[in-house]
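>>> Got a sequence here, can you model it:
(2 chains)
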Amino acid sequence: MNVALRQTTALFIDAYRELAAGKLFWITLVLSGLVAGVFAMIGIDEESMTVLWFRLPFPVDSSDISPGALYKLLFFQLGISIWLAWIATILGLITTAGIIPSLVSSGVIDSMVAKPISRTRLFLTRYATGLLFAALQVGLFSGVAFLVLGFRGGEWLPAVFLAIPIVVVFFSYLFSIMALFGLITKSTIPALLLTLLDWFGLFIVNRLDESLVQIHESTKLRIQTAEERIERGEANATQMVIRVKQSEDPTVTDDYEPTTEELDAANPMLPLVRRTRDDAIRSEAQIRPWTDGLFITKSVLPKTTETIALLDRFILSEEEANQIFDIFTPDNGGTDVDEETGSIRVGNEDLQEAAIERLQSRSLLWILGTSLAFEAVILAICCFIFTRRDF
Amino acid sequence: MTPPASSDTAIELIDVAKTYGGRFGKKTPALRGVNMNVKRGEVFGLIGPNGAGKSTLVKILMTVIRPSTCTGSLLGSPIGHKPALARVGYLPEHHAFPGYLTGAQVIDFFGAMAGLSRRERKQRSGALLDLVGMTAWSRRRLRSYSKGMRQRIGIAQALINDPELVLLDEPTARDDPVGRPQIRQNIEQIRDEGRTVLINSHILSELEHLCDRFGLLVKGVMANAGTMDELTEGQRRYYIAVRPESAQGIELDNGTVHVDTEDPNELQPHIDRLSARGDVNTGIRSFRPTLEDIFM
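Residues are numbered from 1 along each chain as shown, chains lettered A, B, ... in the order given. Next up is the predicted model:
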């Protein structure tokens, strides 16, 4: 074993001992195991969903969703999106908040930097040890979820273990921010609070992005629906006008092109729908700079929500995704034109589908590449500070 | 450029300066061009008042602080050369090893950080725990240790890599008077093993007996350096005590005649002169200034 490997191993063992010395580490791990264990209690059959031997009064049975898809849904919606991406992450941040401040605190750092290890490597190794916690936690959770999916859902799905790199990468965005604050403030509590504040800021940006995408897609759907309706309406009106014209004047041919006024007279809905379309075009033009601007803003920020959502792409098949989509998206009818006012009512399913499609069209490179670039910049700043600081 | 260090030089420093930048652009010079030389195998005591820059100098050697300017070498390598630190042991002044580690784990951890294999660490840590008298406590966590016990573990971790050079920053500062002899004994053992030792301490009486040479740092400048004899040169004297009633016509100071000389042979004429006068000589005492006398 070479010197660098010995030092790295020693730092990892020390980090584990530091984490293991805290009660919160064990509490979080036990809770992770418990949450995964709760999955095993949930089942579904031909009648309804069950928890152990109790039947749940939900109108969902195995004809709506297969047991395999249900466990995947639970794993993703509850296990990953709520437990690991929120609750366990907060507990994880609390547990690991002291890793960098304790490194740079007086009394420890002197002995560490006085060893034959470069400051950059020392910092980055110490940083990596913080991710060890996230890896342990999500590893335990994924392991139990894998067994539950296999035994209870009847699907042995190694892709579940993709949660380990994805959640660790997600955690690393926040941990890098916390490392920077920890390095600057040399204090655990301010580092933690500033990171949570930062995370809240990212959450707001994400929500804003999702909302604007929905509004934008809704506007685009309105334009598309209106144009389809106008095209169809104009075609019908044209036929009507030609028939009327030919009845009055037999010399009028089939390729006669009626004026707009003639078409509107033939179909009074057309001017209303055109107005609705024009309004929607104006709205779209107003919204587009905001969605584009937010997209650019998000490009330089870590994409926490999208990173976690990657699991959705990897774990769920298209059919399962559709099953889940149907369960969670109440159908209020398709997108259509109100025949009296000419306004357009956007269907919930259409809108959700369009929004999801747009959000999922964002490439892996954009989601992970730009987020990791953000993290790399933060770590570069950390290394710059750490290597130049006098202790 | 680093000057070539001779093979018998452990530390060579030329014109080392450090200025700390404060808030609002205020600069505080800590070291103002320090020159220092520590030979291999010697115990060098770094002394000086608080704020003189002693710890800053030690930290520069250990790469804990970046110097403003620095030319010199440490065990033949330029100052700041990380691989050279594998041959150096260091006990920081205000160390606070994590309380969740046991004494044995602290020693093992810093051994690994110095690049030692597991076997080497295992071989040496037992002997070091014996050396500092902590074998019985080695499996207990540091949070249950007294300050003195932590200091002994600190010394053991500084020696885990079998260093050629050991830097001890205030090694006895944490110990109560009862624990100090143990630390002093440890340092003597380190010295007897032929290692080069640089001690920074404000307990001058302890350094006096341990060190071969001293460097007096005052306001960031090496004011004086040398062996005890070199530092006290010209300040040695003898006192010849006489009975006051018999010493008529001689100027006495507390019943003694002061003779300022380094050479005891020069006393004889004074004794003869006093005898010839009939003065009764009741004793001869030599006086050699201590570090404290020089320092104060």
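
>>> Quick one: name whatever helix or strand follows the helix ranked longest in chain A.
Determined from DSSP state H, the single longest helix within chain A is helix A:188-248. Next along the chain after helix A:188-248, taking DSSP states H and E as the criterion, comes helix A:260-266.

>>> Tell me the helices and strands packed up against the following helix or strand past that following helix.
Per DSSP H and E, the first helix or strand lying C-terminal to helix A:260-266 is helix A:269-299. Packing partners of helix A:269-299 (3 or more Cβ pairs under 8 Å, 6 or more residues apart in numbering or on different chains; DSSP states H and E): helix A:188-248, helix A:260-266, strand A:336-337. Any C-beta I mention is one placed from the backbone N, CA and C, and that applies to glycine too.

>>> now the longest helix of chain A, how far from the chain's geometric center?
On the basis of Cα atoms, centre = their mean, to the nearest Å, helix A:188-248 sits 20 Å off its chain's mean C-alpha point.

>>> near chain B at all, it?
No. Helix A:188-248 stays clear of chain B (Cβ under 8 Å from any Cβ of the partner chain), getting no nearer than 14.2 Å.

>>> Contact residues of the stretch 51-200 of chain B facing chain A?
Contact residues (Cβ under 8 Å from any Cβ) of the stretch 51-200 of chain B with chain A: B:59, B:62-66, B:82-86, B:88, B:90, B:92, B:94-98, B:100-101, B:105, B:108-110, B:112-117, B:157.

>>> can you give me the strands in the stretch 1-150 of chain B?
All strands of the stretch 1-150 of chain B, identified by DSSP state E, counting those that start in this stretch, fall at B:9-21, B:27-39, B:43-47, B:69-74, B:77-78, B:88-91.

>>> so which of the ones you listed comes closest to B:Asp263?
Closest to B:Asp263 of the strands of the stretch 1-150 of chain B, according to Cβ to Cβ: strand B:43-47, at 26.8 Å.

>>> next one: the closest one to chain centre, how far?
Counting by Cα atoms, centre = their mean, strand B:43-47 is centred 3 Å from the centre of its parent chain.

>>> Can you list the strands that it pairs with?
As defined by DSSP bridges, the strand partners of strand B:43-47 come to strand B:196-200 (parallel), strand B:213-218 (parallel).

>>> tell me the angle that strand makes with strand B:9-21.
Relative orientation of strand B:43-47 versus strand B:9-21 (axes from the mean of the first three to the mean of the last three Cα atoms, to 10 degrees): 20 degrees.

>>> circling back: any of the residues of the stretch 51-200 of chain B next to chain A buried? List them.
Buried members of these, counted by 16 or more other Cβ atoms under 10 Å in any protein chain shown: B:59, B:62-65, B:82, B:84-86, B:88, B:90, B:92, B:95-98, B:100-101, B:105, B:108-110, B:112-116, B:157.

>>> Mind checking which of these are in helices?
Per DSSP H, helices hold the following members of these: B:Lys59, B:Gln105, B:Asp108, B:Phe109, B:Phe110, B:Ala112, B:Met113, B:Gln157.

>>> any idea which of these is closest to A:Trp156?
B:Ala112 (40.0 Å).

>>> one step back: a markdown table please, covering the strands paired with strand B:43-47 and showing mean pLDDT and distance to B:Asp162.
A markdown table is the format used below for those (pLDDT from 0 to 100; distance: least, Cβ to Cβ, whole Å):
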| stretch | mean pLDDT | distance to B:Asp162 |
| --- | --- | --- |
| strand B:196-200 | 94 | 13 |
| strand B:213-218 | 92 | 24 |
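
>>> Low-confidence regions, the chain specifically.
Answering for chain A, as no chain was given. Low-confidence segments of chain A (pLDDT under 70): A:1, A:59, A:106, A:321, A:323-333.

>>> Chain B is the one I meant
Within chain B, the segments meeting pLDDT under 70 span B:1-6, B:173-178, B:242-252, B:254-255, B:279-280, B:295-296.

>>> Please repeat the previous calculation with a cut-off of 80.
B:1-7, B:22-25, B:172-180, B:202-203, B:205-206, B:233-283, B:285-289, B:291-296 (pLDDT under 80).

>>> domain parsing for it?
B:9-231, B:237-295 (automatic domain parsing).

>>> most tightly surrounded among those domains?
Highest mean neighbour count among the domains of chain B (mean count of other Cβ atoms under 10 Å in any protein chain shown): domain B:9-231, with a mean of 19.

>>> Do a quick rundown of the strands in the stretch 51-200 of chain A.
Along the stretch 51-200 of chain A, the segments classed as strands by DSSP E, counting those that start in this stretch run A:54-55.

>>> What residues does it have near chain B?
Counting by Cβ under 8 Å from any Cβ, the stretch 51-200 of chain A sits next to chain B at A:102, A:105-118.

>>> Just the buried residues of those.
Neighbour counting by 16+ other Cβ under 10 Å classes A:Ser102, A:Val108, A:Ile109, A:Asp110, A:Ser111, A:Met112, A:Val113, A:Ala114, A:Lys115, A:Pro116, A:Ile117 among these as buried.

>>> just checking, the fifth one touches B:Phe97?
Just to be clear, that refers to A:Ser111. Yes. Assessed by Cβ atoms under 8 Å, A:Ser111 is found in contact with B:Phe97 at 7.4 Å.

>>> Now do the shared contacts for these two.
By Cβ atoms under 8 Å, 6 or more residues apart in numbering or on different chains, A:Ser111 and B:Phe97 have these common neighbours: B:Gln157.

>>> which residue does chain A bring closest to chain B?
Chain B sits closest to A:Gly107 of chain A, with a gap of 3.0 Å, by Cβ to the nearest Cβ.
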